[in-house]
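Peer 1: got a sequence here, can you build the structure:
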Amino acid sequence: MNREPEGTDQYYKGANMIHTIRQVIHNDELFRKIMRGLNQNFYHQTVTAADIEQYINKVSGIDFTPVFNQYLRSTLIPVLEYRMEDKNLLYRWANCNPDFNMPVRVDVNGERWLKPTTEWKKERLPNQPNPALIVDKNFYVTQKDLTGHP
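Peer 2: Have a look, this model is predicted:
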């Protein structure tokens with residue numbers, strides 16, 4: 001009470017989290033149904049974060065618990081670490097909770113979805129020289145190229 005919260009994201013973090021959830025759902029009609037359903041189901045009620053989390057999980061059919069844990073219960077912003085090795089893309093989440101497993105849309109020689117966890121994953125890339133990886137700016141994450149580092 002009577003002190004500033006830690007970090008500098010207290011004003012925009014919630015909206016960024018909801019927008020990121022929208023991207024993961026990848027279905028604007030369903031996302032709109034969820035947003036309208038929140039208003040209808042919780043009209044004139046005091047709700048908790050758990051109420052909202054359970055509703056979004058149920059209606060979307062996706063378990064967003066690790067996403068809520070990351071964005072609501074932690075100050076850390078996830079980092080997609082990656083490196084290129086012999087036409088393979090290796091990637092993982094860093095700077096996050098151990099159970100964080102959110103899929104993310106990237107452009108690396110074309111748009112694709114990656115499903116990182118905190119463990120390294122490998123994906124074969126098409127035969128094109130020097131591919132660059134760009135995380136979709138609609139996801140509230142950062143990225144770090146570790147190419148050339150073990």
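Peer 1: does residue 89 touch residue 81 like I think?
Peer 2: No: in this structure residue 89 lies outside contact range of residue 81 using CB atoms under 8 Å: 11.3 Å. C-betas here are computed from N, CA, C, even on glycine.
Peer 1: just the helices from the chain, written as ranges.
Peer 2: 13-25, 28-41, 49-60, 65-72 (DSSP state H).
Peer 1: can you list these in CSV and add mean pLDDT?
Peer 2: Shown next, in CSV, are the helices of the chain (pLDDT from 0 to 100):
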stretch, mean pLDDT
helix 13-25, 94
helix 28-41, 97
helix 49-60, 96
helix 65-72, 95
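Peer 1: quick one: closest of the ones you listed to residue 126.
Peer 2: helix 13-25 (24.0 Å; CB to CB).
Peer 1: so what's the closest residue to residue 84 other than its chain neighbours up against?
Peer 2: Spatially, and ignoring its direct neighbours in sequence, residue 84 is nearest to residue 147 (4.8 Å; CB to CB, 6 or more residues apart in numbering). Counting by CB atoms under 8 Å, 6 or more residues apart in numbering, residue 147 makes contact with 82, 83, 84, 85.
Peer 1: and the residue nearest the centre of the protein?
Peer 2: By CA atoms, centre = their mean, the chain has its centre lying nearest to residue 102, at 4.8 Å.
Peer 1: any idea how far residue 24 is from that one?
Peer 2: Residue 102 sits at a distance of 6 Å from residue 24 (criterion: CB to CB, to the nearest Å).
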